[in-house]
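>>> Predicted model follows, preceded by the sequence.
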Amino acid sequence: CLSLFKFIATTFLALFYVQMVCAHEFVATIIKINDGDTLSAFVNNENTKIRLLDVDCYETKKNKRAKFQQQYYSLSYDEVLEKGKQSRKILKKLLKDHRYIRVEWDKRDSFGRILGKVYLVRKSSDFEEVKTLCKKYPHEAEEVLIAETVNLPPTWYEALCQRPLDSYIFLSGKGGYDDFGHRKVGAIKCSGKPTLYVDPSGSSYYRYMGVEL
């Protein structure tokens, strides 16, 4: 069936842009900034290191790479490590107000780290923000096709409202558009609660979320 409602995008801002053929994509929760070109994040509930593709910063501790940088750039070890610490501070500043990142990648390095293109999530969107924006921009509503209806218990529903950017297995690979150009959404229902309309666009998180107008 078709239903008219305001659709709010969970938008992203590019942090680093590189040319690559992407085979995988996921949203992860940032845990730690390791150095200027590496960070740790929760990926499928595992602590995973992500190496920023085509970004190469100075090291923050003495190792073979730091020794190479010292010799190649004619610097002392202390100078190399200090530059590495400065690079880490810059990345920390960029990610300061961001809990989530989106990563596109197709391979790992020799250390097992994911090599990928990293995007910053605009903010940790929640249902309250979606409702506010829907009321503010009603003229941007669109017709959508309700492809599936899912009934959830209150605890699950509240979790989804508060953490729409987490990964949810029942959303994986769904959404997108049909042959007539209608956006395909899932209706998320819970007794006594407003119905959520979501389009993961092939991902496993609430990439787009809306409410009925």
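Received, thanks.

>>> Mind listing the strands the host helix or strand of Ile101 pairs with, and their directions?
Applying DSSP states H and E as the criterion places Ile101 in strand 100-108. Within its sheet, strand 100-108 is paired with strand 24-35 (antiparallel), strand 114-121 (antiparallel), according to DSSP bridges.

>>> Give me the buried positions along it.
Under the neighbour-count criterion of 16 or more other Cβ atoms under 10 Å, strand 100-108 has Tyr100, Ile101, Arg102, Val103, Glu104, Trp105 buried. (Each C-beta comes from the backbone N, C-alpha and C, glycine too.)

>>> So which bits of stretch 59-78 are buried?
Quick answer for stretch 59-78 (16+ other Cβ under 10 Å): Glu59, Thr60, Ala66, Gln69, Gln70, Leu75.

>>> sorry, that was for stretch 36-48
Residues of stretch 36-48 classed as buried: Gly36, Asp37, Thr38, Leu39, Ser40, Ala41, Val43, Thr48 (neighbour count, 16+ other Cβ under 10 Å).

>>> What is the end-to-end distance of it?
16 Å (Cα to Cα, to the nearest Å).

>>> now that stretch, how far from the centre of its chain.
12 Å (Cα atoms, centre = their mean, to the nearest Å).

>>> Give me the pLDDT value at the residue nearest to Pro164 when sequence neighbours are not counted.
Using Cβ to Cβ, 6 or more residues apart in numbering and skipping residues adjacent in sequence, the residue nearest Pro164 is Tyr206, 3.6 Å away. Looking at Tyr206, its pLDDT is 77.

>>> can you check Tyr58 too?
Here the pLDDT value assigned to Tyr58 is 95.

>>> same deal with Lys107?
pLDDT, Lys107: 90.

>>> bridging residues for it?
Assigned bridge partners for Lys107, using DSSP bridges, are Leu115.
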